[in-house]
Structure formats: C-alpha cells, structure tokens
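>>> using only what follows, build the 3D model:
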Amino acid sequence: MDLGLSGRTALVCSSTGGLGEAIARTLAAEGANTVVCGRRGHRAKEIAADLPSAVGVEVDLVAEDGPAELFEATVVAFGPPDVLVLNGPGPKPGPATDVDANDVDAALDAMLRQHVRLVSQALPAMRERGWGRILAVGSSGIAAPLPNLALSNLGRAALAGYLKTLAAEVAADGVTVNLLLPGRIETDRTAAVDAANAERSGRTVAEVEQASIATIPARRYGRPSEFAAAAAFLCSAPASYVTGTALRCDGGLVRSL
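The predicted structure is shown next:
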C-alpha cells in the first residue's frame, strides 16, 4: 500500500527514544521529511543523521516557548508540517490518593498544554492546504484507567477529550485527528512502570513482567515497530476517512470493543 507520505513533512514530538523514535523512523522510511526532537539534542541529531531526510531539534516542549521554537524549526527545515504526532513522557506513577494540585498542574503542562499549543500553530496551514494528520500517542488507560497511574490517566483523558472535539471541527477541511493507544510495548517507559510496580508490591521485576504478560491475549509485550506501523497508517493518505478515533495497539489487553 502506498501511504502517500513521500515528500510530506512530519513533526514527531519526543522522538529521541521509545515509541516516538519508532514512529519517526517509520515515517521517514515512507519518504516523509521528518523532524526528530527532544530534550536530548545530541540524540535527536544522531537519529536524524540516520534517516533519509530529517533534522534533529533540541527542545523542551514543557517550556512555555518550546512549542513555538519547535514549530519554527520545522518550518525553516521543511515548511509547515503535514503530519503532527503528539507524544511525550508520562508523569510519575502513583495512586489517586497521593495526587495534589501541583501534581495535576505538572501533568497538564506535560500532557495537554504543550500539545494544544502545537496544534494551534500547525492547524491553520493544514486547513488551508486541505490536508493534515494529527495523531496523539495515548495510553490504554484512556479506555480503561490503569492502577497506580492516576496522573497519566488524568492527563491523557484530558487530551483525548480535546482531540475528539477537534476532530469533528476540522474533518471537513481534510484534517484527521486520531489517537493511538499502546498497551504493554517494550520501551524504557514500560520498564520504569514495571520497576515501580515491583518496588511497590515487593515482587521482582521479572515477576511483575510475567504477571503482566499473563493478562495479554497475545502473551507478550508489543514491539515499537508494530506500534509505529499502525501510526504510519493513521498518518497516511489512505486513512483519510478515519478521524475522531482511538485505536488500540495492545495485543488484546483491553477486553472491551
């Protein structure tokens, strides 16, 4: 299938590792001019140098001027983005009983406000061209809130509500807005959550991993490349009639339809 991404400009947030890096590499392989970014500027540049047409940008998206700096760097390198992938690290794990107002502010800064700022900058050019793809990397916690991840559940649900509302407002302009929800994918973030769960429960990390795998019908953690393939389709030309959707890539972990 021709994804129709050759020559398009793709901005992938927080793409110096994990799911973001996998998505950036997959979009670049499909011919997109790709912007790799993150706080680890050296890593962003290393990844970009390994791709056919890419630039690496050092940026802190949580900083107030971070989204504007990133958008400007994208325009200078390749022009306004056709594809915007919203992604970022999750907040610290913990139960809802430990959440305070400062935690909520920090979670919304990291998981909602920066993304809204980027969308606000990228959207006008997408609507003017009559073509755009906005995709957010979410979490299965949007469909079924996860234990001991209260702040992540809160922040990701807020972003999902915003994007679902936005999708209906821009669909007629040729802009799709979707979420892709990972389950247990082999990333540093998953390893950190497993380690936190092990410490909290008094089990070993291996025991936590095996217990987690037992709940997944596929009986394994997913690979970043599998998740990135689903992301590339949602960012593609053939996916033009898919919008306002939260697609799970979780090996069957969430049992609801």
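>>> all strands for the stretch 101-250 of the chain, in order.
132-137, 175-182, 246-249 (DSSP state E, counting those that start in this stretch).
>>> tell me which of those strands sits nearest to R113.
strand 132-137 (13.6 Å; CB to CB). (C-beta placed from N, C-alpha, C; glycine too.)
>>> I'd like to check the angle between that closest one and strand 175-182, please.
Calculated by axes from the mean of the first three to the mean of the last three CA atoms, to 10 degrees, strand 132-137 forms an angle of 20 degrees with strand 175-182.
>>> pLDDT weak spots in the protein?
The model of the chain has no residue with pLDDT under 70.
>>> quick check: closest non-adjacent residue to A231.
I23 (4.7 Å; CB to CB, 6 or more residues apart in numbering).
>>> elements contacting the host helix or strand of the one you found?
Here I23 sits within helix 18-29, counting by DSSP states H and E. On a contact count with 3 or more CB pairs under 8 Å, 6 or more residues apart in numbering; DSSP states H and E, helix 18-29 meets strand 9-12, strand 33-38, helix 41-49, strand 83-86, strand 132-137, helix 224-234.
>>> so what touches that helix?
For helix 18-29, the surrounding residues in contact (CB atoms under 8 Å, 6 or more residues apart in numbering) are 5, 10, 12-15, 34, 36, 38, 47, 51-54, 83, 85, 87, 137, 182, 185, 187-189, 224-225, 227-229, 231-232, 235.
>>> ok, G155 - contacts?
Applying CB under 8 Å, 6+ apart, the residues contacting G155 are 90-91, 107-108, 110-112.
>>> turn the residues you listed into a markdown table, including neighbour count and distance to A206.
As requested, those are exported to a markdown table (neighbours: other CB atoms under 10 Å; distance: CB to CB, whole Å):
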| residue | neighbour count | distance to A206 |
| --- | --- | --- |
| G90 | 19 | 23 |
| P91 | 23 | 26 |
| A107 | 22 | 30 |
| L108 | 18 | 35 |
| A110 | 20 | 30 |
| M111 | 26 | 30 |
| L112 | 21 | 35 |
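>>> which one of these is nearest to G79?
For the contacts of G155, the nearest to G79 is L112 (26.6 Å; CB to CB).
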